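>>> Return a 3D structure for these sequence lines:
(one chain, ligands or ions: 1)
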Amino acid sequence: MLSLVSLGVKATRERQAGHQARKPPAAPARAPPTLRAAMPGIVVVGAQWGDEGKGKVTDMLAERADAIVRFQGGNNAGHTIVRNGTTWKLHLMPSGILHPGKLCVIGNGVVIDPKVLTDELDELRRRGVETSALRISANAHLIMPYHMLLDHAGEAKLGKLEIGTTRRGIGPCYADKAARLGIRVQDLLDEKILKKKIVAALDPKRLSLRPYAKDPRLDLQSMTDEYLTYGHVLEPYIADTSRLVLERLDRNEMVVFEGAQGAMLDIDHGTYPFVTSSNPVAGAACIGAGVGPKDIDEVWGVAKAYVTRVGAGPFPTEIEGPLADEMRERGGEYGTTTGRPRRVGWMDLVALRYAARLNSLTALAITKLDVLAGFDPIRACVRYRNDEGAEFTDFPYHQTVLHHASGEYIEMPGFTEDLSECRSETDLPEAAREYLRFVADFVRVPIVLVGVGPGREQVIWTEAADNVAIGPPTDHAASAT
Ligand code: IMP
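Numbering: from 1, shown residues only. Here you go, the predicted structure:
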């Protein structure tokens, strides 16, 4: 039975969440869906505040894709993929790089720190990963040393009002792109052009960079030399990536567009100004990869079974105290990029429904359902209410409203079973299935994939996966519930 309860912004802990390890009997695993004849363009985006587990979902789709494309963000992102017990932490590299021979693209919409990219390439090669299929857009913008300094300085200046950026220089780099003062990947191939553009970019920043006047990182010649060196390393990978992707789509090959961050961090649609400086929503895949809207057939949103957020900003379903600590520990909720403890909260269905609309989600992947084992009741926010009692069933556009909004929740019975061995919907306890049904019905998007552990095999493909473009599982008849 579902019961509607009203809670404050900071939910207090009502019950110690016990964690029992009673494993439900395993039914035969449903095989991953097979591809239908027409191979689509699939966008995978974060439907919350980032860190939803997009890397794992993309990695699974990448196995059957011909190309994997990153289209926005930079090394503020961090994708963790666990394969055969080995953990891979990628920041700039598309998740597909772990699948030899697949075209892996860093699109024009990405901002690239070339030091991070060359280090990531070195590390992958050292660990025996073939990287020759990587292609980097010549039009992608570069994060320069002054972008990082300005990111630090900007946050310091904001003091208590800081955004909580990853301090990787993302915002200042996108700002230069919009101001037409950016340095692009293609500029690395010509010393004269590179130097001229650095001078032009530095000129309007003289005042803000004055505290760093003696910083060796800002020395024009050494900066130019350093970036030329990156250019030499990256040159074999630089390409007209839009053309390469369009060619694959023309041949009806499957292309996965891999989003970073999440809808609620979108610079236009998220909780501005506590957002990143790019558009993590699906529409940006077209711009950031250089394809048209009609090239996108499916949009998969990835959401955790609860919610996390790093950095500052409104978070209506945030939990604090021991309950939050327990959720954070169980979910391993520490930033891949910065190591910061993530803020945690109950599933926010108002925000998720908003994300579903913004992205035209055709499917949902719910990750980390196993983390909810032992929490009873489980809560899901179905509306917000402000200090004056006004109710919001839609995500409020106004910053002040959002800052004063607290969640109102549906309470559902919890479950205590360890889900890590579940491979089919029938393996799941009824309470977990009820929770998933409620989420899918509320958001009106089918859940096709459920994560029950960090390993790539720890997933459940649901029956709803039969109806999305990547087609029915091969053992459909045998495993149907
Ligand atoms: P920036 O992208 O470094 O400018 O940071 C802006 C905001 O986005 C901060 O709140 C960051 O914590 C957040 N952010 C950026 N990248 C990620 C991510 O990959 N996961 C979660 N939050 C992120």
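
>>> Would you mind naming what in the stretch 251-400 of the chain lies close to the ligand?
Within the stretch 251-400 of the chain, the positions lying close to the ligand (C-beta under 6 Å from any ligand atom) are 260, 261, 265, 274, 276, 277, 310, 311. No exception for glycine: its C-beta is placed from N, CA and C like everyone else's.

>>> Which residue, other than its chain neighbours, is closest to the fifth one?
By that I understand residue 276. Excluding the flanking residues, the one nearest residue 276 by C-beta to C-beta, 6 or more residues apart in numbering is residue 265, at 4.7 Å.

>>> who are the neighbours in contact with that neighbour?
Listed by C-beta atoms under 8 Å, 6 or more residues apart in numbering, the contact partners of residue 265 are 46, 49, 50, 271, 275, 276, 280.

>>> Tabulate those (TSV), appending secondary structure, distance to residue 176 and pLDDT.
Shown next, in TSV, are the contacts of residue 265 (DSSP: H, G, I helix; E, B strand; the rest coil; distance: C-beta to C-beta, whole Å; pLDDT from 0 to 100):
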residue	secondary structure	distance to residue 176	pLDDT
46	strand	25	98
49	coil	25	97
50	coil	23	95
271	coil	24	96
275	coil	18	97
276	coil	15	98
280	coil	20	98
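
>>> Farthest-apart pair in those residues, please.
Greatest spatial distance among these (C-beta to C-beta): 46 and 271, at 13.7 Å.

>>> Please identify which of the two sits among more neighbours.
Neighbours per residue (other C-beta atoms under 10 Å) separate residue 46 from residue 271, with residue 46 holding more: 28 against 21.

>>> what about the nearest residue in space to that one that is not next to it in sequence, how many neighbours?
In space, residue 46 comes closest to residue 262 once its chain neighbours are excluded; the distance is 2.9 Å by C-beta to C-beta, 6+ apart. Using other C-beta under 10 Å, residue 262 has 30 other residues around it.

>>> isn't residue 262 right up against residue 44?
No - if you go by C-beta atoms under 8 Å, residue 262 and residue 44 don't touch, sitting 11.3 Å apart.

>>> Quick one: low-confidence residue ranges for the chain.
1-28, 32-39, 469-481 (pLDDT under 70).

>>> Find the closest residue to the ligand in it.
In the chain, the residue that lies nearest the ligand is residue 311 (2.2 Å; C-beta to the nearest ligand atom).

>>> sorry, back to before: quick one: which of the contacts of residue 265 has the most company?
Tallying neighbours with other C-beta under 10 Å puts residue 280 at the head of these, with 33 neighbours.

>>> Tell me how many other residues surround the closest residue in space to that residue that isn't next to it in sequence.
Nearest in space to residue 280, with sequence neighbours left out and distances taken as C-beta to C-beta, 6+ apart, is residue 261 at 4.1 Å. Residue 261 has 29 neighbouring residues, counting by other C-beta under 10 Å.

>>> Double-check residue 261 against residue 281; I have them as touching.
No - between residue 261 and residue 281 there is no contact under C-beta under 8 Å: 9.7 Å.

>>> excluding its backbone neighbours, what's nearest residue 144?
residue 183 (6.0 Å).

>>> Hmm, the one you found is touching residue 201, no?
Yes - using C-beta under 8 Å, residue 183 is in contact with residue 201, at 6.5 Å.

>>> who's more crowded, the two?
Set side by side, residue 183 and residue 201 show more neighbours around residue 183, with 24 against 18, by other C-beta under 10 Å.

>>> Give me the distance between that one and residue 221.
Distance, residue 183 to residue 221, using C-beta to C-beta, to the nearest Å: 15 Å.

>>> And stretch 368-375, end to end?
One end of stretch 368-375 to the other measures 13 Å (C-alpha to C-alpha, to the nearest Å).

>>> where along the stretch 151-300 of the chain do the helices fall?
In the stretch 151-300 of the chain, helices defined by DSSP state H, counting those that start in this stretch lie at 170-178, 191-202, 206-209, 220-234, 241-250, 283-289, listed in chain order.

>>> from those, which stretch is densest packed?
helix 283-289 (a mean of 24; mean count of other C-beta atoms under 10 Å).

>>> What lies in contact with that helix?
By C-beta under 8 Å, 6+ apart, helix 283-289 touches 43, 45, 69-72, 105, 107-110, 241-242, 245, 257, 259, 278-279, 291-293, 295-296, 359.

>>> now stretch 80-93
With contact meaning C-beta under 8 Å, 6+ apart, stretch 80-93 is reached by 55-56, 59, 70, 74-75, 77-79, 95, 97-98, 104, 106, 110, 112-113, 116-117, 120-121, 124, 134, 336-337, 454-456.

>>> give me that answer again for 6 Å
Stretch 80-93 has contacts (C-beta atoms under 6 Å, 6 or more residues apart in numbering) with 55, 59, 75, 78, 79, 116, 117, 120, 336, 454, 455, 456.

>>> Farthest-apart pair in these, please.
Taking C-beta to C-beta, no two of the contacts of stretch 80-93 sit farther apart than 117 and 455, at 27.3 Å.

>>> Those two: who's more crowded?
The neighbour comparison of residue 117 against residue 455 (other C-beta under 10 Å) goes to residue 117, with 27 against 15.

>>> Pull the contacting residues for that one.
Contacts of residue 117 by C-beta under 6 Å, 6+ apart are residue 92.

>>> Apart from its chain neighbours, what residue comes closest to residue 230?
residue 114 (3.7 Å).

>>> I figured that neighbour hits residue 229, correct?
No - contact between residue 114 and residue 229 fails when scored by C-beta atoms under 6 Å: they sit 8.9 Å apart.

>>> And the residues of the stretch 251-400 of the chain next to the ligand, which is closest to residue 379?
Once C-beta to C-beta is applied, the member of those that ends up nearest residue 379 is residue 310, at 21.4 Å.

>>> how many neighbours does the closest one have?
23.

>>> what do you get for the one 4 residues further on?
Residue 314 is surrounded by 18 other residues when neighbours are defined as other C-beta under 10 Å.

>>> Check the one 5 residues further on too.
Residue 319 has 26 neighbouring residues, counting by other C-beta under 10 Å.

>>> any idea how far residue 43 is from residue 69?
As judged by C-beta to C-beta, residue 69 and residue 43 stand 9 Å apart.

>>> intersection of neighbour lists for the two?
Shared contacts of residue 69 and residue 43 (C-beta under 6 Å, 6+ apart): residue 257.

>>> still on that earlier bit, wait, what's in contact with the residue of the chain closest to the ligand?
residue 164.

>>> next one: phi and psi at it?
phi 90, psi 180 (degrees, to the nearest 10).

>>> And for the one 3 residues further on?
The main-chain torsion angles of residue 314 are listed as degrees, to the nearest 10 and equal phi -60, psi 150.

>>> and it, what does it touch?
Residues in contact with residue 314 (C-beta under 6 Å, 6+ apart) are 271, 402, 403.

>>> Help me confirm that the first one comes into contact with residue 316.
No - between residue 271 and residue 316 there is no contact, the gap being 9.8 Å when judged by C-beta under 6 Å.

>>> pretty sure residue 277 is touching residue 171, no?
Yes - with contact defined as C-beta under 6 Å, residue 277 counts as touching residue 171 (4.3 Å).

>>> Now do the SS call for residue 131.
Of the three states, residue 131 takes coil according to DSSP: H, G, I helix; E, B strand; the rest coil.

>>> What is the burial count for residue 101?
10.

>>> follow-up on the earlier one: if any of the contacts of stretch 80-93 are buried, put those into a ChimeraX selection.
One line in ChimeraX is enough to select the buried members of the contacts of stretch 80-93, burial here meaning 16 or more other C-beta atoms under 10 Å:
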select :55,59,75,78,79,116,117,120,336,454,456
